[in-house]
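Chemist: This is the structure alone, sequence omitted:
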């Protein structure tokens, strides 16, 4: 499968794209990448760290990126990181907030009809 062609149709590189193909890497490579991701995160390069953590599946790193996004008022980006991590303890409150917003708008629509 030509993955480049598959991904070309998605304009937003931060969007949800689920694939079953994971890069194969040994434990030492994964650890080295995670150390590099941590260094980038600590240096303030959150997006660089995010890319590495997504590649390695480093759940603690993904959760910290989610915390960063949440602190910056980006709850959907935070939810994405928590969901991938998976860190349901942090994802569930955001999902609850979104449910309440949707519920509010659904009820508001009923009032106007």
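Modeler: Alright, I've got the coordinates. This structure is a prediction, so every number in the text was calculated from the model and none was measured.
Chemist: Only C-alpha atoms from now on, for both contacts and neighbour counts.
Modeler: Fine.
Chemist: and the longest helix seen in the chain, what does it pack onto?
Modeler: Of all the segments of type helix in the chain, defined by DSSP state H, the longest one is helix 88-112. Counting contacts by 3 or more CA pairs under 8 Å, 6 or more residues apart in numbering; DSSP states H and E, helix 88-112 packs against helix 75-84.
Chemist: what angle do the helix it packs on and helix 88-112 make?
Modeler: 130 degrees (axes from the mean of the first three to the mean of the last three CA atoms, to 10 degrees).
Chemist: middle-most residue in this structure, spatially?
Modeler: residue 81 (2.5 Å; CA atoms, centre = their mean).
Chemist: Quick check: that one touching residue 68?
Modeler: No. With contact defined as CA atoms under 8 Å, residue 81 does not reach residue 68; the gap is 10.1 Å.
Chemist: Pull out the buried residues from the longest helix of the chain.
Modeler: 90, 91, 94 (16 or more other CA atoms under 10 Å).
Chemist: which of those residues lies closest to residue 40?
Modeler: Among those, residue 90 lies closest to residue 40 (CA to CA), at 22.8 Å.
Chemist: what's the spacing between that closest one and residue 78?
Modeler: 9 Å (CA to CA, to the nearest Å).
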